[in-house]
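K.L.:
Let me see the structure of the following:
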Amino acid sequence: MLNLSFSSILAGLIFGVIGLWMLRQGKLKGDLRIVVIGVLLMAYGYFTPNPWFDWGVGGVLCYTAYHIWN
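P.N.:
Below is the predicted model:
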């Protein structure tokens, strides 16, 4: 069932924009790991059951991308 709470929509918007930016930067740098994380950030919200998972998975993906980037 699709969860359309304000928190889920906000998380999807924020992490979707970050994912799009990471996708573009990953393509420019030629780093497939960043490209994959960017795609995951744009798509994972369709598969998470509640807002806690939305924010948690998004945070973990951003944290992982940060450590790959540096």
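K.L.:
Surely residue 42 touches residue 19?
P.N.:
Yes - in this structure residue 42 lies within contact range of residue 19 using Cβ atoms under 8 Å: 3.9 Å. Backbone N, C-alpha and C define where each C-beta goes, glycine included.
K.L.:
Neighbours of the residue nearest to residue 48 when sequence neighbours are not counted, how many?
P.N.:
Distances taken as Cβ to Cβ, 6 or more residues apart in numbering place residue 54 nearest to residue 48, at 5.1 Å, with adjacent residues excluded. If you count neighbours by other Cβ atoms under 10 Å, residue 54 ends up with 23.
K.L.:
any idea how far residue 54 lies from residue 14?
P.N.:
10 Å (Cβ to Cβ, to the nearest Å).
K.L.:
which of residue 42 and residue 19 has more neighbours?
P.N.:
Comparing residue 42 with residue 19 by other Cβ under 10 Å, the one with more neighbours is residue 19, at 24 against 18.
K.L.:
Quick one: residues contacting the more buried one.
P.N.:
Residue 19 makes contact with 37-43, according to Cβ atoms under 8 Å, 6 or more residues apart in numbering.
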